[in-house]
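1. A predicted structure for the sequence below; I have some questions about it.
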Amino acid sequence: MTAFDLFDPINKEMNIVETCLTDIIDTDLPVLDQAATHLIKAGGKRLRPAFALLGAKMFAESIEPAISMAVALEMIHMATLVHDDVIDNSELRRGKPTVKCEWGNRISIYSGNYILAKSLGLAAQYQRNDLLKVLADTSMQICEGEIKQMLSCYNIYQGLKDYMRRIERKTALLISVSCQLGAMLSKASEPEIKAIKKYGYYLGMAFQITDDILDFVADEEILGKPVGSDIRQGVITLPAIYALKHGSHRAQLAELLSSPQLCTQEAELIISMIAESDGMDYAYRVSNRFADKARQQLDLLPDAPVKSTLYEIASFISVREY
């Protein structure tokens, strides 16, 4: 089973989203058109638009009103990826050269800004201040999360709470908000909106923790980027935090992880030390607890055909390989 199989109930609408993502890049500047559409053409899991549509489908028969919001959410996500690749100096994204690698830093930054502006224009068409406020607040928190991650690189003294706050802003909030906005565009009540928002939050936490595990263990071709990218960039994720506290090579690992030069030169050794510490197993357990919390939120929602899909997604998130 893949993530795409789980989106069968919204397959028609997801196809529309995919078409809209390509069509919305409307510029007479060839270099901007090419750079802005580059990441779209590389594909992706499209989780944010999917959750917006599934959130709407929980409470409404027709989810057409949520399509523009689904497109806007994916574009916000893509804008952050383009900017991230500049900051991280990344050469691969989804198995393809990054915008930064193909066009350089300046074009990348402006392309990301262009995509972000387009997304806000889409959201503004709803003429609803409540929707715009949610998007604005979330965008600010995402930026805060990325800055916190940047400032925490090579910091071996960060703890579990620091990590959780970071991934909350980096990933969980936008998935949570995708579920929330979909529900807000349907007939959901306030308690129902709150429950599906929490579902998205817990799911997003599980997703990012699993993503951090896959950075150590996934097949590079399936992952779409080099294995160990986080280590090489000094990003200390949950398996490493566990290993620094409980691993048998704590002192040596601390020395390696605190050095930008050694993180690059000794990435494979660092990964093996973290694997020996049971850090990956610990992170999987934490991820599964968040997935369980996500499923518990679904118990607060009314029965609907798509509810079983949301259960299945929560079960799939922690065992995925990409």
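-> Okay, I see it.

2. use CA for all of it now, contacts and neighbours both
-> Fine.

3. Can you give the contact residues for the helix or strand Arg289 falls within?
-> Taking DSSP states H and E as the criterion, the element that holds Arg289 is helix 279-298. Outside helix 279-298, the residues that touch it by CA atoms under 8 Å, 6 or more residues apart in numbering are 195-196, 198-203, 205-207, 209-210, 213, 238-243, 274, 307, 310-311, 314-315, 317-318.

4. Just the ones in helices from these, please.
-> Counted as lying in helices by DSSP state H, out of these, are 195-196, 198-203, 205-207, 209-210, 213, 238-243, 274, 307, 310-311, 314-315, 317.

5. Counting neighbours, which bits of the strand or helix carrying Leu116 end up buried?
-> Counting by DSSP H and E, the element that carries Leu116 is helix 105-124. Applying a neighbour-count criterion of 16 or more other CA atoms under 10 Å, one finds 105, 107-116, 118-120, 122-123 buried in helix 105-124.

6. same thing with stretch 245-258?
-> Neighbour-count burial for stretch 245-258 flags 245, 247, 249-250, 253-254, 256-258 (criterion: 16+ other CA under 10 Å).

7. so what's Thr237 closest to, chain neighbours aside?
-> Asp212 (6.4 Å; CA to CA, 6 or more residues apart in numbering).

8. Now do the contacts for the one you found.
-> Asp212 touches 230, 237-239, counting by CA under 8 Å, 6+ apart.

9. Would you mind checking these for buried ones?
-> Buried among these by 16+ other CA under 10 Å: 230, 237-239.

10. Among the residues you listed, which has the minimum pLDDT value?
-> Checking pLDDT across those, the minimum falls on Asp230 at 92.

11. Next up, the contacts around it.
-> If you count contacts by CA under 8 Å, 6+ apart, then Asp230 has 212, 215, 236-237 around it.

12. Tell me which helix or strand Leu39 sits in.
-> helix 30-41.

13. Okay, angle between that helix and helix 105-124 too, please.
-> Angle, helix 30-41 to helix 105-124, by axes from the mean of the first three to the mean of the last three CA atoms, to 10 degrees: 70 degrees.

14. elements contacting helix 30-41?
-> For helix 30-41, the elements it packs on are helix 11-23, helix 99-103, helix 105-124, judged by 3 or more CA pairs under 8 Å, 6 or more residues apart in numbering; DSSP states H and E.

15. I'd like those laid out as CSV, including distance to Ala79 and mean pLDDT.
-> Output for those, formatted as CSV (distance: least, CA to CA, whole Å; pLDDT from 0 to 100):
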stretch, distance to Ala79, mean pLDDT
helix 11-23, 12, 93
helix 99-103, 11, 92
helix 105-124, 4, 93
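
16. Tell me the gap between the host helix or strand of Gly182 and the middle of its chain.
-> In the assignment (DSSP H and E), Gly182 maps to helix 173-184. With CA atoms, centre = their mean, to the nearest Å as the basis, helix 173-184 stands 13 Å off its chain's centre.

17. quick one: which of the helices and strands packed on helix 30-41 is nearest Thr80?
-> Evaluated with CA to CA, the helices and strands packed on helix 30-41 place helix 105-124 nearest to Thr80, the distance being 7.1 Å.
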